[in-house]
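> Using only what follows, build the 3D model:
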Amino acid sequence: MILTFGTAFRPRFLKMTPQERDTEFFKSPIPRRAEYKRDVVNNGLDSPYVREALAHHQKLFAWMEEALARGPYLAGNSYSLAECAVIPYLLRLELLRLNALWDRRAGIADWWHRMRARESTQTSIFARMTEADWAPFRNLQSDPWPKVQELLNAA
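Next up is the predicted model:
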């Protein structure tokens with residue numbers, strides 16, 4: 001969510017007045033989420049919440065690498081709810097052009113290639129995505145990877 005609001009969704013929010021943005025942010029049932037959204041829309045990838053989100057992603061990737069060293073799937077030898085839980089995260093990062101976060105991690109890159117190619121992934125995710133779903137990611141104003149790489153190197 002944080003990386004998405006700091007990149008793909010940010011231009012739409014910046015076109016709104018501050019009052020319109022706050023109205024949208026406060027629709028969240030979790031007040032802290034409104035704070036995250038406001039900060040990353042206002043500050044983009046310079047928000048401190050972005051660094052925190054990237055640290056969480058790095059932990060996820062470390063866990064995935066460890067799990068995939070033991071078997072072809074995240075919870076062993078077969079597709080499980082673990083895949084269902086993680087696929088949306090990698091898909092969102094890919095849509096944000098941030099797949100370089102795991103490209104050098106061979107186990108994760110292989111796993112993602114296999115998950116992406118699954119018929120169930122194709123029919124339940126990609127076939128259901130509408131043009132409105134794709135639009136924010138097709139129109140990213142700039143490539144976020146250089147800034148993300150800078151943040152990772154500074155961590």
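
> From now on I want contacts and neighbour counts done on CA atoms only, so please keep to that.
Will do.

> contact partners of stretch 20-40?
Here stretch 20-40 makes contact (C-alpha atoms under 8 Å, 6 or more residues apart in numbering) with 2-3, 5-6, 10, 13, 46-47, 49-50.

> Among those residues, the buried ones, what's the ChimeraX command?
A single ChimeraX command suffices to select whichever of these are buried according to 16 or more other C-alpha atoms under 10 Å:
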select :2,3,5,6,10,13,46,47,49,50
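
> Counting only helices, which of the contacts of stretch 20-40 make the cut?
Among the contacts of stretch 20-40, the members found in helices (DSSP state H) are 2-3, 5-6, 10, 13, 49-50.

> average pLDDT across the one helix or strand residue 116 maps to?
Element membership for residue 116, per DSSP states H and E: helix 106-117. Mean pLDDT, helix 106-117: 97.

> separation between the closest residue in space to residue 116 that isn't next to it in sequence and residue 57?
Once flanking residues are discounted, residue 116 sits nearest to residue 122: 7.0 Å by C-alpha to C-alpha, 6 or more residues apart in numbering. Per C-alpha to C-alpha, to the nearest Å, residue 122 is found 24 Å from residue 57.

> quick revisit: now the residue nearest to residue 116: how far from residue 92?
To residue 92, residue 122 is 15 Å away according to C-alpha to C-alpha.
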